[in-house]
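# Sequence first, then the predicted structure:
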Amino acid sequence: MPIDLAKAAKDRGIKYFLISFTDLFGVQRSKLVPAAAIGEMVKTGAGFAGFATWLDMSPADSDMFAVPDPDSLIQLPWKPEVGWLAADPVMNGDLVEHAPRNVLKRMIVAAADKGFEMKSGVECEFFLLSADGSMISDAADKQAKPCYDQQALMRRYDVITEICDAMLALGWKPYQNDHEDANGQFEMNWEYDSALITADRHAFFKFMVKSVAEKHGLKATFMPKPFTHLTGNGCHAHVSLWSTKTKKNLFGDAKGELGLSPLGYQFIAGLMHSAEGLTALTNPTVNSYKRINAPVTLSGATWSPNTVTYTGNNRTHMIRIPDDGRFEFRLADGSANPYLLQAALLAAGLDGIANKRDPGKRLDINMYTDGHKVRGAKKLPLNLLDALRAFEKSSVLAEAFGPEFMAAYAKLKLGEWNDYARHLSGWEREATLDC
């Protein structure tokens, strides 16, 4: 039985609910609803004008209603009188097909029909900046190799531990927090779970980190590449596939190479087969391609891929197999939509299994120094436009997601690219004013 939200409000002292949905650009949209009205909202949903968000709608469209999922309830640790609810957009009585959470739920059903459940965990990297976002917030954080810097980590103890304490209280089972490879950059890890739970928590985590940072007079950003000379924000995903019947990890195989089953390699091959089109979803902003194709950073490595390859426990490739029964997908960045990231992984992976795709020979080389020697490996898109063109041409993604989502996503993202293309940068003037 789903949670009785009216009872939960009374029992937990919740005065208001944030009924939240995530649009195609990853922006979280909400209505703040008093607890006295939550019963009706569960039945009908909170009303929105869909065109006012990044969904493919017009001002003439009917009201859109975000119907909350009671089982997604999260009580805000920093403001416990408020409960957050992930919601599913509905219009004219039907689910909005291109709304990201709805897309993921369809993919989960498609996997379940084949006896599969994907479980995943995400590694969310973020920067803590000054309140205006112009610089990193810690002037003393200036080592060339700041990763795991104990002093810099402890100077942000109050922020990091408030977030980690919140995850502990919520039962997410966080297990480590660290200063990452860029000055001012951090990563926090919590336990993996089923794809929808991970996506909901990923969405809430971004909201929570930004909110706690603001509380401390700082600004948090998940922007892929906020500083040209520093490592960008990745969002690595660790993936496994489980049987809905036996509840066993189907990627685990003690006799398999690197402890991975043939099914796991087929899943990886599916990701590699559709990588160029997937990039439009996992790296969805103009800025994303400053991270993927970055020159060497201050620390000496970008920690991001630019070629479609896989390996063992080697962080210079798009996919690595660090342990038995799972792999790490290292392409996605901090701007990835939490729901579309999971949906993209599942769509491409299921295609790999259905078509028994072969990922080819594993590469164990350092791609940062010897990648130019690899023959035949596909390169990742150089910019968002190339990724969107690959996305539109992908029959795998079209079959998995359907025409409404494909058209809506391409339309709005191409609009974003065109906005960028109309922008005149200072570099352009400096480089070409005297030509």
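Now that the structure is in, tell me what you want to look at.
# What are the boundaries of the helices in the stretch 251-400 of the chain?
Assigned by DSSP state H, counting those that start in this stretch, the stretch 251-400 of the chain shows helices spanning 262-273, 275-282, 288-292, 338-354, 367-370, 384-393, 395-401.
# same question, the stretch 101-250 of the chain
For the stretch 101-250 of the chain, applying DSSP H, counting those that start in this stretch gives helices covering 150-155, 157-170, 195-215.
# So which of those is the most surrounded?
Ranked by average neighbour count under the criterion mean count of other Cβ atoms under 10 Å, these are headed by helix 195-215 at a mean of 21. For the C-beta atoms, the positions are set from N, CA and C on the backbone; glycine is no exception.
# what about that helix, distance to the chain center?
11 Å (Cα atoms, centre = their mean, to the nearest Å).
# Between helix 157-170 and that helix, find me the angle.
150 degrees (axes from the mean of the first three to the mean of the last three Cα atoms, to 10 degrees).
# Helix 195-215 to helix 338-354, inter-axis angle?
Using the same axes, to 10 degrees: helix 195-215 against helix 338-354 is 150 degrees.
# Would you mind writing the CA trace of helix 195-215 as CSV?
The C-alpha trace of helix 195-215 is given here as CSV (Å, rounded to 0.1, in the frame of the first residue of the first chain):
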residue,chain,number,x,y,z
ALA,A,195,16.9,2.8,-11.1
LEU,A,196,13.8,4.8,-10.1
ILE,A,197,14.8,5.1,-6.5
THR,A,198,18.3,6.2,-7.6
ALA,A,199,16.9,8.7,-10.0
ASP,A,200,14.5,10.2,-7.4
ARG,A,201,17.4,10.4,-4.9
HIS,A,202,19.7,11.9,-7.5
ALA,A,203,17.1,14.6,-8.2
PHE,A,204,16.7,15.3,-4.5
PHE,A,205,20.4,15.3,-3.9
LYS,A,206,21.0,18.1,-6.3
PHE,A,207,18.2,20.1,-4.7
MET,A,208,19.6,19.3,-1.2
VAL,A,209,23.2,20.2,-2.0
LYS,A,210,22.2,23.6,-3.5
SER,A,211,19.9,24.3,-0.6
VAL,A,212,22.5,23.5,2.1
ALA,A,213,25.2,25.4,0.3
GLU,A,214,22.9,28.5,0.2
LYS,A,215,22.2,28.1,3.9
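# Just the element for the residue lying closest to Ile14 once chain neighbours are set aside, please.
Nearest residue to Ile14, sequence neighbours excluded (Cβ to Cβ, 6 or more residues apart in numbering): Gly83, at 4.5 Å. Per DSSP states H and E: Gly83 is located in strand 82-91.
# which is the next helix or strand following that strand?
Per DSSP H and E, strand 82-91 leads on to strand 94-95 as the next helix or strand towards the C-terminus.
# Touching that next one from outside, list them.
If you take Cβ atoms under 8 Å, 6 or more residues apart in numbering as the criterion, strand 94-95 is touched by Asp88, Pro89, Asn102.
# go with 10 Å
Identification of contacts with strand 94-95 by Cβ atoms under 10 Å, 6 or more residues apart in numbering yields Val67, Asp88, Pro89, Arg101, Asn102, Val103, Lys105, Arg106.
# ditto for stretch 396-406
Stretch 396-406 is contacted from outside by 24, 56, 96-100, 102-103, 106-107, 110, 270, 273-274, 277-278, 280-281, 340, 343-344, 346-348, 350-352, 354-355, 390-392, 394, 407-409, using Cβ under 10 Å, 6+ apart.
# That stretch: end-to-end distance?
In stretch 396-406, first residue to last residue: 11 Å (Cα to Cα, to the nearest Å).
# how about the strands of the stretch 51-200 of the chain, start to end?
64-68, 74-75, 82-91, 94-95, 116-129, 174-179, 185-190, 193-194 (DSSP state E, counting those that start in this stretch).
# Now the fourth one: average pLDDT?
In other words, strand 94-95. For strand 94-95, mean pLDDT rounds to 98.
# quick revisit: and the contacts of strand 94-95, which is closest to Lys210?
Taking Cβ to Cβ as the measure, Arg101 is the one of the contacts of strand 94-95 closest to Lys210, at 19.6 Å.
# That closest one reaches Asp69, doesn't it?
Yes - using Cβ atoms under 10 Å, Arg101 makes contact with Asp69 at a distance of 8.3 Å.
# Now do the shared contacts for the two.
Common neighbours of Arg101 and Asp69 (Cβ under 10 Å, 6+ apart) are Ala86, Ala87, Asp88, Leu196, Asp200.
# among those, which two are most distant?
Using Cβ to Cβ, the shared contacts of Arg101 and Asp69 reach their maximum pairwise distance at Ala87 and Leu196, which is 13.0 Å.
# Give me the common contacts of these two.
Counting by Cβ under 10 Å, 6+ apart, the residues touching both Ala87 and Leu196 are Asp69, Ser72, Arg101.
# From the residues you listed, pick the one nearest Gly217.
Closest to Gly217, out of all of these and judged by Cβ to Cβ, is Ser72, at 30.0 Å.
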